[in-house]
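# sequence below, structure please.
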Amino acid sequence: MVRISRSFRAVEYAEGVSIAEFQDFEPISKIHSVVNLDKEKNEMLVAHHEYPEDSRDFQSRTWAYDVVLSDWEDILELLDVLKRFKSLPDDVVLSNEFPVKELKISEMKLYNEEAEGNYESREDTYEDVSLSYRLSDSTLEFSPRHGSEPQTFPWIPVGEEYAREGFSSNSIHLNRLIEMIDDIEEGIQPSDSPDPTLDEETHSLLNSIGYGHEIIQHSQDGDICLEKGLHQLALSSYIHAIEWTIIAYLKTDGLDIIEKEREGTYYNLAGGRNSLLEEVNERANLDQKTTSQLRSFNRAERRWMAHHKSGEILPEEIEAVRARLRSLIEKLF
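Have a look, this model is predicted:
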């Protein structure tokens, strides 16, 4: 195996909230970071997605940075630093810097509806720059240097419960990052390491539309459940992502299902009155195969979740739902 991907989740609390106090406070944002390593192409992608929970003027913010490494040995040196960090006190900070051939920086911010404009984005490419990293008890943070001033790079949470206010260097996130690099070096494809359902291009697309963050959230929840072997929960998350895909599409066509439900009109995925599938079919004219599969997913989820279906959910059953989610997003957007 020459390529591997991992997702990392955390929540961020206001500055100054201690480990003894965090249960009394609401997080100010949810963080989801993705790391892709490709040994054959000598590339590393780090994408960082932030979903604020407070009153900021945007719904989501994304940084995606694609790095062409000068030498794969720099990743192995990072691995050594991560392993050494596990045995050090939590207040220790380690840092280093290495050259890269190319750095592509993409940023996107999706604003709230009441804010002026919908979203803003940019993309820049730099050649022959340096990449520094700083490892603390809460994050692995990168800063690319192209000129005299460093520019903030997306960061990976390593604290188990926190983002920038982390307190455990020997957390599950840090261990998973170490295992990720070990696996790609040993050529191992872990059975619990499915590729993310949504690639970064789709992720950026969904971040630019209303309710798109809900599709992303449920898809990522499904990926995490699938990685942990929680197949029923994974299935439910992917089907909810399909529902939100239809809801997001209908909003682009002038029908806001969430507002309708606030007014007392409730919808289901398929079948009966007020069907999301019927609404989208009137507008997008889905093919018969897609329509039939969506109806079957709706029945399957009810059967599995309500009756605790005997026997295991087969991997191909979950993969069929993931494939239909990707296909539906492609058809509608």
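# any weak-confidence spans in this protein?
Applying pLDDT under 70 to the chain flags residues 1, 13-27, 54, 112-118, 146-154, 159-172, 188-194, 228-230, 271-272, 297-315.
# domain parsing of it, as residue ranges.
Following automatic domain parsing, one gets these domains for the chain: 3-186, 200-332.
# gap between the two ends of the shortest one?
I take that to be domain 200-332. For domain 200-332, the first-to-last residue distance is 17 Å (CA to CA, to the nearest Å).
# quick one, phi psi at the spatially closest residue to residue 265 that is not a sequence neighbour?
Spatially, and ignoring its direct neighbours in sequence, residue 265 is nearest to residue 274 (6.2 Å; CB to CB, 6 or more residues apart in numbering). Glycine gets a C-beta too; all of them are placed from N, C-alpha and C. When read as degrees, to the nearest 10, the backbone of residue 274 gives phi 50, psi 60.
# ok, residue 274 touching residue 261?
No. At 9.3 Å, residue 274 does not count as touching residue 261 under the criterion of CB atoms under 8 Å.
# and the strands in this structure?
Counting by DSSP state E, the chain has strands at residues 3-12, 29-38, 43-52, 58-69, 94-111, 119-135, 139-145, 155-157.
# out of the ones you listed, the one nearest residue 324 is which?
The closest of these to residue 324 is strand 3-12. By CB to CB, the value is 20.8 Å.
# now the closest one against strand 43-52, angle please.
If you take axes from the mean of the first three to the mean of the last three CA atoms, to 10 degrees, strand 3-12 sits at 20 degrees to strand 43-52.
# now do the buried residues in strand 3-12.
By neighbour count on 16 or more other CB atoms under 10 Å, the buried set for strand 3-12 is 4, 5, 6, 7, 8, 10, 11, 12.
# gap between the first one and residue 93?
It stands for residue 4. From residue 4 over to residue 93 the distance is 27 Å, taken as CB to CB, to the nearest Å.
# the second one too?
Taking CB to CB as the measure, residue 5 and residue 93 are separated by 27 Å.
# again, but for the fifth one
Remark: distance between residue 8 and residue 93 (CB to CB) = 19 Å.
# now do the third one
When CB to CB is the yardstick, residue 6 and residue 93 sit 23 Å from each other.
# need the contact list for residue 59.
By CB atoms under 8 Å, 6 or more residues apart in numbering, the residues touching residue 59 are 51, 52, 110, 111, 112, 213.
# what's the nearest residue to the fourth one if we skip its chain neighbours?
What that stands for is residue 111. Going by CB to CB, 6+ apart, residue 111 has residue 58 as its nearest residue, at 4.9 Å.
# what about the one you found, how many neighbours?
Using other CB atoms under 10 Å, residue 58 has 15 neighbouring residues.
# who touches residue 101 in this structure?
Residue 101 neighbours (CB under 8 Å, 6+ apart): 68, 69, 70, 127, 128.
# quick one: contacts for the second one?
Yep, that's residue 69 we're talking about. 42, 43, 44, 75, 100, 101.
# ok, how many other residues are close to the closest residue to residue 135 other than its chain neighbours?
Spatially, and ignoring its direct neighbours in sequence, residue 135 is nearest to residue 94 (4.7 Å; CB to CB, 6+ apart). Neighbour count of residue 94, defined by other CB under 10 Å: 14.
# how near is residue 94 to residue 137?
Distance check for residue 94 against residue 137: by CB to CB, it reads 11 Å.
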